[in-house]
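Enquirer: coords please:
(one chain, ligands or ions: 1)
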Amino acid sequence: MKLMQTLSRIATYNSHGENSSYFQGWQEYEKNPYDDICNPEGIIQMGLAENQLSLDLLESWLASHQDALGLKQGGKSIFKELALFQDYHGLPAFKNALTDFMTEMRGNKVLFDPNKLILTAGATSANETLMFCLANAGEAFLVPTPYYPGFDRDVKWRTGVELVPIHCTSSNGFKITQSALDEAYQRATKQKLHVKGVLITNPSNPLGTTMTKDELDLIVNFIDAKGLHVISDEIYSGTVFNSLGFTGALEHLIDRNLKHNEVWTRVHIVYSLSKDLGIPGFRVGAIYSNDNQVVAAATKMSSFGLVSSQTQFLLSSMLSDRKFTSKYIVENQKRLQKRREMLVSGLSSAGIRCLQSTAGLFCWVDMRHLLSSKTIEAEMVLWKKILFDVRLNISPGSSCHCAEPGWFRVCFANISEDTLSLSIKRIKAFINNNSRHHKPGRHSRTMSLPKWVFRLSYSQEREPER
Ligand SMILES: Cc1ncc(COP(=O)(O)O)c(C=O)c1O
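Expert: Modelled structure (predicted):
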């Protein structure tokens, strides 16, 4: 008798990405998590893009707005209305407050219309829903590397859509170029993939950089010429801390006077409160589109990942307090900048440099000089050394599909200042210890590598991933 397979093709499809070193690092952290009192020798989690720096501001707002927490309006309970509410269009008050917040975050350069906003359970759900709306299984989106490792799960797994990397390199600070775009498109065509669009993250995870006007020009011209879509994941738009600020995809189209061009309806924004407000547990995300058909289809699909009505109610009270939001935005950016500087200067004192960045909850760190060879295997050896011996979980560039070995994403906003100081101390000790043991060779670059690189490279103890 033929045995029936229990799980479906999708359930067993391996594009979820859970075997990537990005998620493996989290698993190792879970087995031995650092705690200053209970486990001071444990692994410090620096692989999680979480913003814990301004939660106190949210807590003190809540303390003085008990009605919002108690599901009351003007002192009167609205429990029943909220408990019964299940409209997939979302609470109008919340959609107004969220679009106002998105507008404020962009210095009022673009006015978001609540009728074009679809609420989703986080950006994860927003990205997948957009993919379901714009592409069939087997069709493709181009995506600049390095990119957020979660995209393999979020946009490929259940949709069957393919992601084709646009290879960016350190030679120009990982900027998108015309030739990289063309090369990715041709590669996709050679693989007989029908390209439907480009997926960008602005500000970038993992780079922490914002897109330049030239890059945005390039992408808009490209999709215009080829009749494609853009999904612009702008989940980190509120973390930008330099005075030049941030230009999102829609502001760029407005600047170029393209509001009446067809591209206006082919650029779709993804947003969420997970990073800017630091509340990933609340699962609040959104799609914003100027295409009525996309808005209608995505609204219907949002039934699979709605935001609960009490969350919408609570946050509509908070976000419509404009005095609070403007103070929060400024203070949060200040705290993020201070943290980033602390990490950058700490690493610099250990001879490690970071890519210049102005946003995000992480730095893109250059450890190429610590590799035994310019290979992904050598990057894995270094990553394991840092994970198991230095006891820091950071994310290797290869998990972000970076083609150039030796880059790592290091997060700084999910731990306390003391824990960050400790992690810098550990890195310094590791670098000092290894350089003390090693005697530099005369010419060869490999001869000037720390001793452990050789030891681990040739040991079978921890096989490098392939
Ligand atoms: C670029 C990007 N998009 C989406 C997500 C998922 O966000 P959410 O928690 O809102 O689902 C993340 C989370 O790290 C991210 O970095």
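
Enquirer: going forward, measure contacts and count neighbours with C-alpha atoms only.
Expert: Will do.

Enquirer: contacting residues for the closest residue to Val161 other than its chain neighbours?
Expert: Using CA to CA, 6 or more residues apart in numbering and skipping residues adjacent in sequence, the residue nearest Val161 is Ala137, 4.8 Å away. When contacts are counted by CA atoms under 8 Å, 6 or more residues apart in numbering, Ala137 touches Thr159, Gly160, Val161, Glu162.

Enquirer: what sits against the residue nearest the centre of the chain?
Expert: Nearest residue to the geometric centre of the chain (CA atoms, centre = their mean): Asn205, 4.1 Å. By CA under 8 Å, 6+ apart, the contact set of Asn205 is Tyr147, Tyr148, Gly360.

Enquirer: and what of Gly248?
Expert: Arg106, Asn202, Glu234, Ser237.

Enquirer: phi and psi next, for it.
Expert: According to degrees, to the nearest 10, the main-chain angles of Gly248 amount to phi -80, psi 170.

Enquirer: same question, Leu142
Expert: Backbone torsions of Leu142, given as degrees, to the nearest 10, read phi -90, psi 140.

Enquirer: up against the ligand, what does the chain have?
Expert: Proximity of the chain to the ligand (CA under 6 Å from any ligand atom) is limited to residues Ala49, Gly122, Ala123, Thr124, Tyr148, Thr201, Asn205, Ser272, Ser274, Pro280, Gly285.

Enquirer: how much space separates the first one from Leu207?
Expert: By that I understand Ala49. As defined by CA to CA, to the nearest Å, Ala49 lies at a distance of 12 Å from Leu207.

Enquirer: now name the helix or strand holding Met318.
Expert: Using DSSP states H and E, Met318 sits within helix 309-319.

Enquirer: what angle do the very next helix or strand once past that helix and helix 309-319 make?
Expert: Note on helix 309-319: by DSSP H and E, the next helix or strand toward the C-terminus is helix 322-348. Angle, helix 322-348 to helix 309-319, by axes from the mean of the first three to the mean of the last three CA atoms, to 10 degrees: 90 degrees.

Enquirer: output the below-cut-off pLDDT ranges for the stretch 101-250 of the chain.
Expert: Residue ranges of the stretch 101-250 of the chain with pLDDT under 70: 243.

Enquirer: okay, helices next: where are they in it?
Expert: 122-134, 151, 178-190, 213-226, 249-255 (DSSP state H, counting those that start in this stretch).

Enquirer: let me know the pLDDT of Ile10.
Expert: Ile10 is assigned a pLDDT of 87 by the prediction.

Enquirer: does it belong to a helix, a strand or coil?
Expert: helix (DSSP: H, G, I helix; E, B strand; the rest coil).

Enquirer: wait, what's in contact with it?
Expert: Counted by CA under 8 Å, 6+ apart, Ile10 has contacts Trp157, Arg158.

Enquirer: could you redo the last one with a cut-off of 10 Å?
Expert: Each residue near Ile10 by CA atoms under 10 Å, 6 or more residues apart in numbering is listed here: His16, Trp157, Arg158, Thr159, Gly160.

Enquirer: and if you look at Val161?
Expert: Neighbouring residues of Val161 by CA under 10 Å, 6+ apart: 128, 131-132, 134-141, 152, 155, 193, 195-196.

Enquirer: equivalent analysis for Ala188, please.
Expert: Residues near Ala188 by CA under 10 Å, 6+ apart: Glu139, Ala140, Phe141, Leu142, Glu162, Leu163, Val164, Pro165, Asp182, His194, Val195.

Enquirer: for Leu336, state which of the residues you listed is nearest.
Expert: Pro165 (29.4 Å; CA to CA).

Enquirer: touching, that closest one and Asp182? I think so.
Expert: No. Under the criterion of CA atoms under 10 Å, Pro165 makes no contact with Asp182, lying 11.3 Å away.

Enquirer: more crowded one of the two?
Expert: Ranked by neighbour count (other CA atoms under 10 Å), Pro165 and Asp182 place Pro165 first, with 25 against 13.

Enquirer: burial count for the closest residue in space to the more buried one that isn't next to it in sequence?
Expert: Leaving out its chain neighbours, the residue that sits closest to Pro165 by CA to CA, 6+ apart is Val143, at 5.0 Å. Val143: 21 surrounding residues under other CA under 10 Å.

Enquirer: check whether Val143 really touches Lys196, as I assumed.
Expert: No. Val143 is beyond contact range of Lys196, at 11.5 Å (criterion: CA under 10 Å).

Enquirer: give the contact list for Thr265.
Expert: Listed by CA under 10 Å, 6+ apart, the contact set of Thr265 reads His229, Val230, Lys259, Ser289, Asn290, Asp291, Asn292, Gln293, Val294.

Enquirer: my guess is Val295 is in a helix, correct?
Expert: Yes. Val295 forms part of a helix when assessed by three-state DSSP.

Enquirer: isn't it right up against Arg266?
Expert: No. Contact criterion CA under 10 Å: Val295 and Arg266 do not qualify, at 11.8 Å.

Enquirer: mutual contacts of these two, please.
Expert: Common contacts of Val295 and Arg266 (CA under 10 Å, 6+ apart): Ser289.

Enquirer: for the residue nearest to Asp36 when sequence neighbours are not counted, pull up the helix or strand it's in.
Expert: Counting by CA to CA, 6+ apart, Asp36 lies nearest to Thr419, which is 7.9 Å off, once chain neighbours are set aside. For Thr419, the host element (DSSP H and E) is helix 417-437.

Enquirer: what's the angle from that helix to helix 322-348?
Expert: 20 degrees.

Enquirer: please produce CSV containing the helices of the stretch 101-250 of the chain, extended by distance to Gln356.
Expert: CSV is the format used below for the helices of the stretch 101-250 of the chain (distance: least, CA to CA, whole Å):
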stretch, distance to Gln356
helix 122-134, 26
helix 151, 24
helix 178-190, 21
helix 213-226, 17
helix 249-255, 22
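
Enquirer: give me whichever of those helices is most buried.
Expert: helix 122-134 (a mean of 24; mean count of other CA atoms under 10 Å).

Enquirer: residues contacting Ser395?
Expert: Counting by CA under 10 Å, 6+ apart, Ser395 makes contact with 20-26, 46-48, 149, 206, 364-365, 383, 387, 407-411.

Enquirer: tell me the spacing between it and Ser77.
Expert: Taking CA to CA, one finds Ser395 at 46 Å from Ser77.
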